[in-house]
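*Asks:* Below are the sequence and a predicted model for it; my questions follow.
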Amino acid sequence: MPPPNQGGAPGKTGSASKPSPVVFAVANQKGGVGKTTTSVNLAASFAAAECRTLLVDCDPQGNASSGVGVRRGSFELSLYDVLIGRAALKEATVATEVPLLDVVPATQDLVAAELELVDADDRATRLRQALRPHLDGYAFVVLDCPPSLGLLTLNALTAAHRVLVPLQCEYYALEGLTHLMATIDRVRNAFNPELTVEGVVLTMFDGRNSLTHQVADEVKAHFRVFDAIIPRNVKLSEAPSHGKPALLYDAQSKGAQGYLSLAREILDGPPAAAADPKKRQRGDAEEEPPAEATTTTGARARDARPRS
């Protein structure tokens, strides 16, 4: 299995130096498509694969923070302090109960950051400036974006190497995807030429709905869509109320297994046919996500472990 920098990271392969961490922005301006659920559970799945991971909560709602057990009031510094230059990234980083997973939490103060930075010359690059010099030891960074295309999302896209797009299979999601891709193109041209779209992950998938399959087929015709599918799953909905990723709440649930499969697919790298979506073989969308990964909270997805 290739090391992380062959599965989408920018580091140089074959180099004796330590590979650079891969920074993912989980983005979609449409709300309710599973961005935070994907950010939390993908980050936890990377950690389960023994890849040290940093989750950065870029949403003022702070749901990614509470989703890994970091409740409001339990920390002194947040991403707001980092963006306005009051604290370094490492000072705002908090360990979670998931081994190898840290988080930079968010509060509602992030709303103020958008206003305070609006006249700053470097307003689009604040996160990148704060993030990239302080990532030693991490294999992956996951940025949970808010459901908008404002300054916070712009900062995340400017700081990222790859964009991961959670998509619920409904008509309006297709329209939103077109706008998001146009925004990514603008960010690439203006701020971040190395930014690429890693792929689309289908979330809240209900194979009994014919519209679900129609939308999925349409997306597959134009974008790389991950084979790992995230089904509608009650355990994914219950886990945040317990402050746990689904992997810790119920590792055997279909939702947890779906995200473990997604992490493994990213670590493996895109298939050869991913460059031409029309040549990709369309699998049966009604199949449940593979359940080959970890089935206990203490175990690790060894098949997804990158070789040194």
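*Replies:* Sure, I can see it.

*Asks:* mind listing the helices for the stretch 201-308 of the chain?
*Replies:* 210-220, 234-238, 246-249, 254-268 (DSSP state H, counting those that start in this stretch).

*Asks:* what about D227, how many neighbours?
*Replies:* If you count neighbours by other CB atoms under 10 Å, D227 ends up with 17. No exception for glycine: its C-beta is placed from N, CA and C like everyone else's.

*Asks:* For G85, which of the helices of the stretch 201-308 of the chain is the nearest?
*Replies:* Taking CB to CB, helix 254-268 is the member of the helices of the stretch 201-308 of the chain nearest to G85, at 32.4 Å.

*Asks:* Now for the residue lying closest to P99 once chain neighbours are set aside: which residues touch it?
*Replies:* Nearest residue to P99 in three dimensions, chain neighbours excluded: A47, at 6.4 Å (CB to CB, 6 or more residues apart in numbering). Contacts for A47 (CB atoms under 8 Å, 6 or more residues apart in numbering) come out as 53, 98-101.

*Asks:* is it true that A47 lies in a helix?
*Replies:* Yes: counting by DSSP: H, G, I helix; E, B strand; the rest coil, one finds A47 located in a helix.

*Asks:* can you offset everything so residue one is 851?
*Replies:* All right, first residue 851 from here; so that's A897.

*Asks:* In ChimeraX, select just the buried ones from the contacts of A897.
*Replies:* To isolate the buried members of those in ChimeraX, using 16 or more other CB atoms under 10 Å:
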select :903,948,950,951
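
*Asks:* Just the ones of the contacts of A897 in strands?
*Replies:* Using DSSP state E, 903, 951 are the members of these that sit in strands.

*Asks:* between the contacts of A897, which is nearest T1008?
*Replies:* Distances from T1008 to the contacts of A897, taken by CB to CB, are shortest for T903, at 20.4 Å.

*Asks:* shaky segments in the stretch 1001-1150 of the chain?
*Replies:* 1121-1150 (pLDDT under 70).

*Asks:* Skip the chain neighbours and tell me the closest residue to T1003.
*Replies:* Spatial nearest neighbour of T1003, chain neighbours left out: C995 (4.7 Å); criterion: CB to CB, 6+ apart.

*Asks:* ugh, wrong one, I meant V1015
*Replies:* Here the residue nearest V1015, using CB to CB, 6+ apart, is V1050, at 4.7 Å.

*Asks:* quick one: the residue in the chain sticking out farthest from the centre from N1083, how far?
*Replies:* Ranked by distance from the centre of the chain (CA atoms, centre = their mean), the top residue is D969, with 28.8 Å. Separation of D969 from N1083 (CB to CB, to the nearest Å) stands at 44 Å.

*Asks:* same thing with F1076?
*Replies:* Remark: distance between F1076 and N1083 (CB to CB) = 16 Å.

*Asks:* ok, back up a step: generate a markdown table for the contacts of A897, with distance to H1092 and pLDDT as supplementary columns.
*Replies:* Output for the contacts of A897, formatted as a markdown table (distance: CB to CB, whole Å; pLDDT from 0 to 100):
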| residue | distance to H1092 | pLDDT |
| --- | --- | --- |
| T903 | 20 | 98 |
| V948 | 13 | 96 |
| P949 | 18 | 96 |
| L950 | 20 | 97 |
| L951 | 16 | 98 |
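
*Asks:* Identify, from the contacts of A897, the entry nearest to L999.
*Replies:* So of those, ranked by how close each gets to L999 (CB to CB), first place is T903, at 25.4 Å.

*Asks:* And the helices of the stretch 1051-1158 of the chain: which comes nearest K880?
*Replies:* Proximity to K880, assessed across those by CB to CB, is greatest for helix 1060-1070 (12.9 Å).

*Asks:* and F874, how many neighbours does it have?
*Replies:* 26.

*Asks:* about what we covered before: now do the contacts for the residue nearest to V1015.
*Replies:* 1015-1017, 1027, 1069, 1073-1076.

*Asks:* nearest to N1042, of the residues you listed?
*Replies:* Here the nearest of the contacts of V1050 to N1042, counting by CB to CB, is V1015; it sits at 16.1 Å.

*Asks:* Looks to me like that closest one is in a strand.
*Replies:* Yes: under three-state DSSP, V1015 falls within a strand.

*Asks:* Neighbours of it, how many?
*Replies:* 27.

*Asks:* Verify the contact between it and H1029 for me.
*Replies:* No: if you go by CB atoms under 8 Å, V1015 and H1029 don't touch, sitting 11.6 Å apart.

*Asks:* wait, is the residue nearest to V1015 part of a strand?
*Replies:* Yes: the assignment for V1050 by three-state DSSP puts it in a strand.
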